[in-house]
Each structure stands twice: as C-alpha cells, then as structure tokens.
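J.: kindly generate the corresponding structure for this input.
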Amino acid sequence: MIHEKKSEMRNEQNNLILKDVHIPGGRIADLTITDGFVSHVGSAERGDVEIICRHKTVLPAGTDLHVHMRDGIQKAKETWESGTKSALAGGVTVVVDQPNTLPPLTTPERIKTRVKLAQSQAYCRFAINGAVTRESDLSGIWQAGIFAFGETFAGPSSYGEAVDADLLSRAMDQISMWNAIMTIHAEQVIEGADSSLFYHDALRPVSGEVQAVQDVLKINENRCRLYFCHLSSGQAIDAVPTGAAMIEVTPHHLFLSHEQFISDDTNGKVNPPLRSESVRKDLFSRWNRIDVIGSDHAPHTRDEKEQPFESAPSGIPGVETMIPLLMGWAKEKKISLSDIIQKTSTRPSEILGICPAGYSPGNRADFAIYPDEGTVICADTLHNTAGWTPYEGMNAMFPEQTILGGEVVFNAGEFFKPELNNTEEGRRDNTESKKISSLWIPGRGYTLKEHTLV
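T.: Numbering: from 1, shown residues only. Predicted coordinates:
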C-alpha cells in the first residue's frame with residue numbers, strides 16, 4: 001500500500017519510506033531512500049511517499065547477467081521495452097544483454113547502435129556485452145563500453161557460432177590484459193537427428209559440456225577472468241575448480257527436465273538442453289557452488305516454436321519468472337531468501353561492478369515487494385512478447401511493486417519509466433564514476449570520446 005504525503009522540508013523532497021521491512025535475519029525496520037540510495041535504516045524519517053511493507057517480503061531487486069533482448073530485425077521476438085518491462089514485473093532492475101544479435105556486436109559502431117536502441121525504450125538499467133568472433137574489434141568494443149566479452153560460444157547455439165581453440169586462446173590473452181571477463185557457453189555437439197527433447201539432450205551431452213569446460217580452463221593460460229554461462233549438470237560444476245571461474249545456472253535447468261514434456265514439445269528446446277530428472281536433481285545438489293542464477297532469457301515467437309522440432313530454434317523466455325520461481329521454492333523451504341538475494345542480486349552486482357541493492361545505508365535503492373501468498377505461472381499474464389512459457393502452471397511469487405533508484409517503476413501491473421537523468425550508477429571498482437544520462441551502465445573500459453551518442 002502506497003501513502004503519499006507532503007514533505008515539510010525542502011531537503012526531504014523525493015524521499016521514499018519503506019515501512020516495517022522484515023530484513024532477513026529477523027530485524028524489522030523502516031528504510032529511508034534518498035536520491036536513489038538507502039540513507040537510513042531504523043525508525044521512519046520523513047518522506048513524500050510511504051509504502052507499508054508489513055506482511056510483505058521486501059528483497060533487493062535482481063541483476064540478471066544473462067538476457068537476449070532481441071529487437072532490431074528480431075523485434076517480433078522481443079523489444080527492449082517489452083523485455084525490460086518483463087524484467088521489472090519479475091523483480092529485476094538490471095539486465096545484461098548478450099551480443100549474439102543480428103548483426104553480432106563486434107564493432108564500436110554496433111555497440112553504439114545497440115546502446116542507442118536500448119536507451120530509447122528501456123524501463124530498467126542495462127549493460128551490453130560484446131561478441132568474440134574472428135571479426136571482432138576487441139579493443140574497440142571494450143572502449144565503447146561493453147561489460148564483458150561473450151557469451152563466447154565454445155559450442156554452437158542459436159545465432160552463435162562456435163570459436164576454435166586458437167581464436168579463444170588469443171582472445172583470452174588480450175582480454176586478460178584489461179582484467180575483463182569472458183563469459184563462456186560450454187558445449188560439444190554430436191551429429192545426428194535432432195528430433196525430440198531426448199535426442200536434443202543426447203546430441204549435446206553432459207560429457208561434452210564437461211569436456212568443453214575442461215578444454216576452456218586448459219586454454220586459459222593467462223588466467224583471464226572466466227564466467228561459465230548456464231552450466232546444466234552437477235558434473236560440469238565439479239569440473240570447475242573452486243575459484244577458477246564464476247558459475248551461472250539457469251532456472252530452467254534447476255526446475256525443468258525433458259521428462260516433464262511431451263517428447264517433441266519445442267517449448268522445452270534450449271541450449272544447453274534440458275536434462276533428465278536425475279541430472280536436474282544432481283544439479284540442484286550443487287546449489288552452494290552456484291555463484292549466479294541467470295535467466296538466459298531468449299524468447300522466440302509462437303510461430304517459430306511451432307515448427308517441426310529439428311527446425312525450431314532453441315531458447316525460452318525467462319527474465320520475468322526467474323526470481324518468482326525461486327520465491328516459490330523459498331515458500332516451500334527448499335532454499336532461503338538469503339540465498340536468493342546472494343545469487344540474483346548481491347553477487348551479480350559485484351561481478352557487474354555496481355553498488356549492490358540492499359538494506360544498508362549507501363546501498364542502491366532497488367527493491368521488489370512480494371505478497372505473502374503465491375500464485376501459479378500463466379503465459380497470458382506475463383509481459384514478454386513471446387506469449388508462451390515452459391513454466392505454465394508452476395508455483396511462483398511475483399512482486400506487487402518494483403522500485404528502481406527510489407522510484408516505483410512497477411505497481412500492480414502498471415509500469416512507469418524511471419527518471420534517472422544525470423545520476424551516477426555508483427561503481428564499486430577502481431574506475432572513475434562517470435555521469436550517465438540514461439539507464440545504461442558502461443563497462444570499465446568505457447571511453448567517453450569513443451561513445452558520443454547522438
């Protein structure tokens with residue numbers, strides 16, 4: 001419930017008060033938000049707007065390091081507007097867009113065009129990754145403001161061709177000099193008839209995923225910072241020595257197995273594949289090894305997915321359902337709220353290099369407010385363009401409100417574009433904070449003179 005009231009003091013304007021917030025660990029306190037950051041924790045100060053959070057769950061909003069926002073010539077699949085609205089409706093206020101767009105993001109000019117397109121539509125904060133291909137201008141796209149290099153394909157996927165070991169090694173050597181991150185899509189693909197979810201799994205086997213992880217680690221002689229995307233098996237996680245790389249797992253590999261679907265149901269077709277139920281359970285048993293839960297939001301239209309299985313593209317929408325699914329598990333006491341915060345908000349923000357959202361003074365004031373009761377997922381109520389979901393009917397808890405930089409940007413199904421002009425994102429690393437005139441989060445290599453937006 002939102003209460004608006006007049007502020008009596010000039011310096012209290014635009015304050016937001018979250019009242020009776022139950023902070024994990026047991027404390028109940030009021031959070032005062034000023035200029036986009038938490039300014040006070042304790043008894044309420046004065047503010048223009050109060051939100052009563054009693055009997056609600058208030059979580060730091062999510063940072064999703066793995067989305068494919070499509071748009072451009074693929075806007076029938078998703079646009080920046082629909083994709084970022086979908087993120088907000090799922091309690092996510094920061095997304096990182098992957099570079100296997102059409103055309104791929106291999107040059108500074110393409111990075112600028114992509115940022116400009118996102119600037120014109122986005123309802124939440126965003127960063128952009130750059131592609132690693134034989135044609136990529138790695139230095140140019142780093143200076144143009146990308147966050148990371150990749151996802152880099154050590155196995156082919158939709159709109160992404162695999163790179164060979166020589167190119168991967170040379171790219172790692174160069175990227176390591178900037179202390180930048182390379183994200184890895186680790187798969188090996190066997191030739192055969194890709195005619196069902198069972199065979200899709202068999203043609204992209206767990207053993208190949210493990211081997212690809214091992215090969216990438218062996219090639220990485222200069223210790224480039226590595227981030228393995230969407231590992232789909234406990235064995236693949238075990239192949240990563242502790243501290244050797246960051247590990248991301250998706251909700252679809254944690255919640256879904258191909259045995260839950262009709263064999264030729266293309267709504268379950270994704271790379272890496274959905275595994276068997278036993279592999280899914282084994283993956284969840286490695287929960288404490290997982291650094292990040294990322295959605296790998298990759299929507300396709302219904303018409304595309306209704307093609308014969310072998311022709312249908314791989315990928316599923318997921319940014320809106322990622323945290324709600326985890327909240328459903330928390331409701332069932334399978335995981336803790338603290339784990340959700342760490343894997344969807346705190347750790348991803350640290351990796352991205354931005355001030356984390358949280359309950360302490362100085363934290364970024366991005367929050368999602370969840371009701372006490374859960375619901376079930378229904379494609380008709382989601383906000384992405386695809387219009388379908390593989391999670392139909394599954395238990396979840398969606399936020400009633402989402403707050404970005406102290407502004408309510410989603411409230412009971414209604415969206416509000418944030419007004420964050422001329423604010424600083426508040427980087428935590430040693431690079432200089434740069435004034436930005438949008439929701440874009442530039443990477444550490446960003447050079448303003450290389451990226452004048454018109």
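
J.: point out where the stretch 101-250 of the chain drops to low pLDDT.
T.: 155-160 (pLDDT under 70).

J.: mind listing the helices for it?
T.: 108-121, 138-143, 165-177, 197-203, 206-219, 234-238 (DSSP state H, counting those that start in this stretch).

J.: so which of these is nearest E407?
T.: helix 108-121 (17.4 Å; CB to CB). (Each C-beta comes from the backbone N, C-alpha and C, glycine too.)

J.: packing partners of that closest one?
T.: helix 80-89, strand 125-128, helix 138-143 (3 or more CB pairs under 8 Å, 6 or more residues apart in numbering; DSSP states H and E).

J.: as JSON lines, the ones you listed with distance to P24 and mean neighbour count would be great.
T.: What follows is the helices and strands packed on helix 108-121, written out as JSON lines (distance: least, CB to CB, whole Å; neighbours: other CB atoms under 10 Å):
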{"stretch": "helix 80-89", "distance to P24": "22", "mean neighbour count": "26"}
{"stretch": "strand 125-128", "distance to P24": "24", "mean neighbour count": "27"}
{"stretch": "helix 138-143", "distance to P24": "37", "mean neighbour count": "21"}
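
J.: make TSV out of those and add distance to T32.
T.: Formatted as TSV, the helices and strands packed on helix 108-121 follow (distance: least, CB to CB, whole Å):
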stretch	distance to T32
helix 80-89	23
strand 125-128	22
helix 138-143	38
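
J.: domains of the chain?
T.: 2-55, 61-356+375-397 (automatic domain parsing).

J.: now do the first one: distance to the chain's middle.
T.: I take that to be domain 2-55. 27 Å (CA atoms, centre = their mean, to the nearest Å).

J.: what's the average pLDDT for that domain?
T.: Mean per-residue pLDDT for domain 2-55: 79.

J.: returning to what we had before: let's have the helices of the stretch 101-250 of the chain in TSV, adding distance to V319.
T.: As requested, the helices of the stretch 101-250 of the chain are exported to TSV (distance: least, CB to CB, whole Å):
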stretch	distance to V319
helix 108-121	14
helix 138-143	24
helix 165-177	26
helix 197-203	23
helix 206-219	23
helix 234-238	23
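
J.: mind checking the SS state of the residue positioned nearest the centre of the chain?
T.: By CA atoms, centre = their mean, the chain has its centre lying nearest to D64, at 1.6 Å. Secondary structure for D64, judged by DSSP: H, G, I helix; E, B strand; the rest coil, is strand.

J.: now it: how far from M322?
T.: 7 Å (CB to CB, to the nearest Å).

J.: okay, and the common contacts of those two?
T.: Common contact partners of D64 and M322 (CB atoms under 8 Å, 6 or more residues apart in numbering): 92, 294-295, 297, 344.

J.: quick check on those residues: which are buried?
T.: For the shared contacts of D64 and M322, a burial check counting by 16 or more other CB atoms under 10 Å picks out 92, 294-295, 297, 344.

J.: and the two most separated of those?
T.: H297 and T344 (13.2 Å).

J.: identify the residue spatially nearest to T447, adjacent ones excluded.
T.: Using CB to CB, 6 or more residues apart in numbering and skipping the chain neighbours, the partner closest in space to T447 is Q143 (4.4 Å).

J.: how much space between the one you found and R444?
T.: Between Q143 and R444 the distance is 10 Å, computed by CB to CB.

J.: cool, V249 as well?
T.: Counting by CB to CB, the gap from V249 to R444 is 25 Å.

J.: returning to what we had before: which ones are touching the residue nearest to the centre of the chain?
T.: 87, 92, 94-96, 294-295, 297, 319, 322, 344, 348.

J.: now do S345
T.: Going by CB under 8 Å, 6+ apart, the list of residues near S345 reads 59-63, 356-358.

J.: restricted to strands, list those residues.
T.: 59-60, 62-63 (DSSP state E).

J.: most neighbours, which of those residues?
T.: The residue in the ones in strands among the contacts of S345 with the most neighbours, by other CB atoms under 10 Å, is G62 (33 neighbours).

J.: which strand or helix spans H253?
T.: Assigned by DSSP states H and E, H253 falls within helix 251-255.

J.: could you say what helices and strands that helix packs with?
T.: helix 277-284, helix 322-331.

J.: show me what counts as buried in that helix.
T.: Residues of helix 251-255 classed as buried by neighbour count (16+ other CB under 10 Å): 251-255.

J.: shaky segments in the stretch 351-454 of the chain?
T.: Scanning the stretch 351-454 of the chain for pLDDT under 70 picks out 420-437, 448-454.

J.: on that earlier part again, okay, V249 and R444: which has more neighbours?
T.: Higher neighbour count among V249 and R444: V249, with 27 against 19, using other CB under 10 Å.

J.: what's the closest non-adjacent residue to the more buried one?
T.: Spatial nearest neighbour of V249, chain neighbours left out: I290 (4.8 Å); criterion: CB to CB, 6+ apart.

J.: so what pLDDT did that neighbour get?
T.: In this model, I290 is scored at 98, pLDDT.

J.: now the one 3 residues further on
T.: At I293 the predicted local distance difference test score is 99.

J.: can you name the residues that contact the residue lying closest to it once chain neighbours are set aside?
T.: In this structure, I293 finds its nearest non-sequential neighbour in K343, 4.7 Å apart by CB to CB, 6+ apart. Shown in contact with K343 (CB under 8 Å, 6+ apart): 290-293.

J.: rewinding a little: I figured the residue nearest to V249 hits V240, correct?
T.: No - I290 is beyond contact range of V240, at 10.8 Å (criterion: CB atoms under 8 Å).

J.: identify the contacts common to the two.
T.: I247.

J.: what kind of secondary structure is I51 in?
T.: Taking three-state DSSP, the label given to I51 is strand.

J.: tell me what it is bridged to.
T.: I51 has the following beta-bridge partners by DSSP bridges: I2, L18.

J.: so what's the residue count around it?
T.: Residues near I51, counting by other CB under 10 Å: 25.

J.: next one: the one 3 residues further on
T.: R54 is surrounded by 11 other residues when neighbours are defined as other CB under 10 Å.

J.: and for I28?
T.: 11.

J.: likewise for the one 3 residues further on?
T.: For L31, the tally of surrounding residues (other CB under 10 Å) stands at 28.

J.: is it located within a strand, as I assumed?
T.: Yes - the assignment for L31 is a strand, going by three-state DSSP.

J.: do you know how far the spatially closest residue to I190 that is not a sequence neighbour is from V96?
T.: Spatial nearest neighbour of I190, excluding adjacent residues (CB to CB, 6+ apart): L203 at 4.9 Å. As judged by CB to CB, L203 and V96 stand 29 Å apart.

J.: I am finished for the moment; much appreciated.
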